[in-house]
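Undergrad: quick one: sequence and predicted model below, then my questions.
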Amino acid sequence: MINYTISYNHPHRHFVDFEFTSKTNGKSTMQFQLAAWRPGRYELADFSQNIQKWGAFDENNNPLSFKKITKDLWEVDTEHATKITVVYNFYANQIDAGSCYLDEHQLYLNPVHCMFYIVGRMEEEYILNLDIPENYEIASSMEKTGNTLKVKGYDLLAESPIICSDSLQHGSFEVDGITFHLWFQGECNPDWKKLNKDFTAFTKSQIDKFGGFPVEEYHYFFQVTPYRSYHGVEHTKNTVLLLGPGNEIMEKRYEDLLGVCSHELYHTWNIKAIRPVEMYPYDYTKENYFRTGFVAEGVTTYMGDMMLYNSGVFNWDEFIKTQNQNLERHLTNYGRFNLSVADSGFDNWLDGYKLGSPDRKTSIYPDAALCMLMADLEIIRNTDGEDSLHSVMKELYDEFALKGKGYSEDDFRNICVKFGGLKVAEIFENHIYGTQDYIPTLKTSLEVVGIELKEKKNPNLSAQYFGFVAVKENGKMVIKKVEPNSVTDKNGIAPEDEIIKLNGKKIEGKLSEMLKECKEKVTFTIKKKFSEKAIPLAIGNYYRLLEFVISEKATEEQIVLKKVWSNN
Ligand SMILES: [Zn+2]
């Protein structure tokens with residue numbers, strides 16, 4: 001058994017104090033490991049850089065000697081000790097869906113960042129005593145008695161975030177006897193009636209598809225920010241969502257709230273229960289290389305949105321908007337011709353989730369979601385609507401997750417091909433593992449349900465006119481993307497170049513607004529690392545987009561299969 005006491009004295013400094021106590025079990029040395037990454041984000045994060053002080057003591061409070069073995073592994077000499085107490089602090093000043101944060105209003109911890117396991121003793125029970133202000137409430141999926149939390153084993157501890165504050169708002173709903181909790185931290189006014197109705201609908205649809213839910217109870221933890229934010233992190237029994245601004249999440253940004261929640265709930269099956277064999281079990285000390293990120297995030301991105309449509313929470317326009325967003329992200333990324341989604345997922349461990357070198361790779365989110373859309377439609381075609389991608393996921397759940405096994409990339413491919421035949425095999429070869437243009441295949445797949453792709457001009461004017469995308473960064477207008485062979489590229493302008501002036505005028509406000517007035521030719525003053533130059537660019541049509549539209553000539557059969565597709 002491991003006892004943890006968590007406290008703090010000066011919340012504005014953002015340091016949380018931890019005291020870790022355990023028996024030595026007669027061992028002459030003990031090793032304490034902090035994670036190097038967290039499940040849900042497949043890149044190294046090296047959380048131990050947030051530790052400022054670290055010390056170990058025996059049962060009489062005498063210091064024990066220790067040394068670091070790796071960047072996040074401590075070894076303590078416990079030769080003459082029966083009990084060990086490790087005392088350390090952790091800098092908690094990062095607010096996102098998978099981080100730790102402390103201030104005068106809340107204590108928010110993701111234990112995978114800041115709590116240790118004893119090497120060789122990962123299965124032990126953890127008891128957490130929280131020394132927090134009296135009026136604070138605790139939101140957690142761990143077993144709770146007063147200010148004490150209990151959880152069995154490090155794996156579950158790592159996936160059990162904690163929010164403590166005096167301003168938590170709590171609601172719950174039930175589906176098939178399972179209680180789903182909604183916790184909101186941060187300024188906002190949850191519309192409980194609306195939330196209960198929509199969450200019940202998409203939750204029920206997902207549970208029906210899989211024929212059961214992997215856990216007995218589930219928690220949504222919303223960290224609501226006063227600024228614009230949007231992302232989530234999945235765990236076995238809960239999810240954390242970062243959303244904002246708080247005054248928009250029930251209205252203007254409600255579709256985003258639903259989108260991210262349906263996505264994270266789907267992960268309860270796909271990645272938490274249905275897990276790649278390479279992560280059975282997790283190795284927290286180093287990279288866990290796997291090539292099926294396109295299953296974990298591609299299927300989940302596609303299905304998360306599909307289940308909102310399937311359950312009637314989204315209408316057609318709202319659903320097809322999500323598919324158009326995936327397509328737009330795909331078409332504005334020339335990395336699609338350089339690295340497949342399978343290889344790009346593997347490489348998250350190399351350069352993470354950021355843009356990285358220009359047009360280097362694709363994304364396991366939108367690009368992989370488009371692959372899954374194509375596979376889904378081809379399975380429907382091949383089986384006359386008897387089966388779909390749901391059948392694949394259900395088989396993975398029944399044959400792997402429920403039998404306690406991980407699946408390999410071949411397992412996933414083989415099940416898809418079993419249902420979808422040759423066309424699906426080609427999607428794997430050409431698009432999931434290859435870098436062939438998706439569009440011809442996508443067009444053919446969409447014919448199954450009578451949907452066409454229509455050309456659309458890019459609404460971002462610098463992208464449309466010149467083939468570049470620029471963003472404001474520290475007060476500077478910096479180019480982030482350039483379409484290869486566009487007028488921008490041909491005139492020697494590249495990502496990370498800075499735009500100083502447009503037709504001799506300083507860039508103030510939005511670039512798109514300034515471009516609205518422009519016709520035929522624009523002169524940009526561009527600052528590079530060692531030079532500055534005025535460069536005239538002729539207006540053209542770049543970063544062209546496509547969008548999904550229902551065909552006016554759809555046949556009876558296509559109309560029937562479109563219904564099967566969304567209601568299957
Ligand atoms: Zn996800």
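TA: The structure has been received and is ready for your questions.
Undergrad: when you work out contacts or count neighbours from here on, use the C-alpha atoms and nothing else.
TA: Will do.
Undergrad: what's the lengthiest helix in the chain packed up against?
TA: What stands out as the longest helix in the chain, according to DSSP state H, is helix 192-210. Packed against helix 192-210, as judged by 3 or more CA pairs under 8 Å, 6 or more residues apart in numbering; DSSP states H and E, are the following elements: strand 169-175, helix 254-269, helix 300-310, helix 389-399.
Undergrad: got a list of contacts for it?
TA: Outside helix 192-210, the residues within contact range by CA atoms under 8 Å, 6 or more residues apart in numbering are 171-176, 213, 258, 262, 265-266, 307-308, 310-313, 390, 393-394, 397.
Undergrad: and the strands in the stretch 1-150 of the chain?
TA: 2-7, 15-23, 29-33, 51-57, 66-70, 73-77, 83-91, 101-102, 106-109, 117-118, 125-130, 137-140, 143-145, 148-152 (DSSP state E, counting those that start in this stretch).
Undergrad: partners of the last one in the sheet?
TA: When you say that, I think you mean strand 148-152. Within its sheet, and counting by DSSP bridges, strand 148-152 is paired with strand 125-130 (antiparallel), strand 143-145 (antiparallel).
Undergrad: so where's the stretch 451-568 of the chain shaky on pLDDT?
TA: 568 (pLDDT under 70).
Undergrad: so where do the strands sit in the stretch 451-568 of the chain?
TA: Counting by DSSP E, counting those that start in this stretch, the strands of the stretch 451-568 of the chain are 451-456, 468-473, 476-482, 498-502, 505-506, 521-527, 532-538, 545-550.
Undergrad: could the ones you listed be laid out in a markdown table, adding mean neighbour count and distance to residue 362?
TA: Listed next are the strands of the stretch 451-568 of the chain as a markdown table, based on neighbours: other CA atoms under 10 Å; distance: least, CA to CA, whole Å:
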| stretch | mean neighbour count | distance to residue 362 |
| --- | --- | --- |
| strand 451-456 | 16 | 21 |
| strand 468-473 | 18 | 17 |
| strand 476-482 | 20 | 14 |
| strand 498-502 | 21 | 25 |
| strand 505-506 | 12 | 34 |
| strand 521-527 | 18 | 28 |
| strand 532-538 | 15 | 29 |
| strand 545-550 | 17 | 17 |
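Undergrad: residue 105: which of those is closest?
TA: strand 468-473 (29.8 Å; CA to CA).
Undergrad: how far is the longest helix of the chain from where the chain is centred?
TA: Counting by CA atoms, centre = their mean, to the nearest Å, helix 192-210 is centred 21 Å from the centre of its parent chain.
Undergrad: what comes up buried for that helix?
TA: The neighbour-count check on helix 192-210 (16 or more other CA atoms under 10 Å) flags 195-196, 198-207, 210 as buried.
Undergrad: next one: stretch 305-324
TA: By neighbour count on 16+ other CA under 10 Å, the buried set for stretch 305-324 is 305-314, 319-320, 322-324.
Undergrad: now it: mean pLDDT?
TA: For stretch 305-324, mean pLDDT is 97.
Undergrad: returning to what we had before: please identify the most buried of the helices and strands packed on helix 192-210.
TA: Most buried of these by mean neighbour count (mean count of other CA atoms under 10 Å) is helix 300-310; its value is a mean of 25.
Undergrad: which strands and helices sit next to that helix?
TA: Contact here means 3+ CA pairs under 8 Å, 6+ apart; on that basis helix 300-310 packs against helix 192-210, helix 254-269, helix 316-331, helix 366-382, helix 556-567.
Undergrad: make a markdown table out of those helices and add distance to residue 98.
TA: Below are the helices and strands packed on helix 300-310 laid out as a markdown table (distance: least, CA to CA, whole Å):
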| stretch | distance to residue 98 |
| --- | --- |
| helix 192-210 | 22 |
| helix 254-269 | 13 |
| helix 316-331 | 24 |
| helix 366-382 | 21 |
| helix 556-567 | 32 |
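Undergrad: how about those helices, which one is nearest residue 127?
TA: It's helix 254-269; of those, that one is closest to residue 127 (CA to CA) at 24.7 Å.
Undergrad: got the angle between that closest one and helix 300-310?
TA: Computed by axes from the mean of the first three to the mean of the last three CA atoms, to 10 degrees, the angle separating helix 254-269 from helix 300-310 equals 120 degrees.
Undergrad: what's in contact with helix 254-269?
TA: Here helix 254-269 has contacts from 199, 202-203, 206, 213-214, 230-237, 239, 241, 243, 248-249, 296, 300-301, 303-305, 307-308, 318, 397, using CA under 8 Å, 6+ apart.
Undergrad: any weak-confidence spans in the protein?
TA: Counting by pLDDT under 70, the chain shows low-confidence ranges at 568.
Undergrad: got the phi and psi for residue 185?
TA: Note on residue 185: backbone dihedrals following degrees, to the nearest 10 are phi -120, psi 130.
Undergrad: equivalent analysis for the one 3 residues further on, please.
TA: The main-chain torsion angles of residue 188 are listed as degrees, to the nearest 10 and equal phi -170, psi 160.
Undergrad: spell out which helix or strand contains the residue nearest to it when sequence neighbours are not counted, please.
TA: Leaving aside its chain neighbours, residue 188 sits nearest to residue 246 (4.7 Å; criterion: CA to CA, 6 or more residues apart in numbering). Following DSSP states H and E, there is no helix or strand that holds residue 246.
Undergrad: does residue 246 touch residue 186 like I think?
TA: Yes - Residue 246 is within contact range of residue 186, at 7.3 Å (criterion: CA atoms under 8 Å).
Undergrad: what touches both of these two?
TA: Listed as contacting both residue 246 and residue 186 by CA under 8 Å, 6+ apart are 224-226.
Undergrad: any of those buried? List them.
TA: Buried among the shared contacts of residue 246 and residue 186 by 16+ other CA under 10 Å: 224-225.
Undergrad: just the closest of the shared contacts of residue 246 and residue 186 to residue 379, please.
TA: residue 224 (39.6 Å).
Undergrad: what about that closest one, distance to residue 50?
TA: Look at residue 224 and residue 50: by CA to CA, to the nearest Å, they are 24 Å apart.
Undergrad: let me see the contact set for residue 393.
TA: By CA under 8 Å, 6+ apart, the residues touching residue 393 are 210, 270.
Undergrad: next: residue 189.
TA: 246-247, 250.
Undergrad: that older thread, can you redo the buried residues of helix 192-210 as JSON lines with distance to residue 84?
TA: Shown next, in JSON lines, are the buried residues of helix 192-210 (distance: CA to CA, whole Å):
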{"residue": "195", "distance to residue 84": "47"}
{"residue": "196", "distance to residue 84": "47"}
{"residue": "198", "distance to residue 84": "49"}
{"residue": "199", "distance to residue 84": "46"}
{"residue": "200", "distance to residue 84": "47"}
{"residue": "201", "distance to residue 84": "50"}
{"residue": "202", "distance to residue 84": "48"}
{"residue": "203", "distance to residue 84": "45"}
{"residue": "204", "distance to residue 84": "47"}
{"residue": "205", "distance to residue 84": "49"}
{"residue": "206", "distance to residue 84": "46"}
{"residue": "207", "distance to residue 84": "45"}
{"residue": "210", "distance to residue 84": "46"}
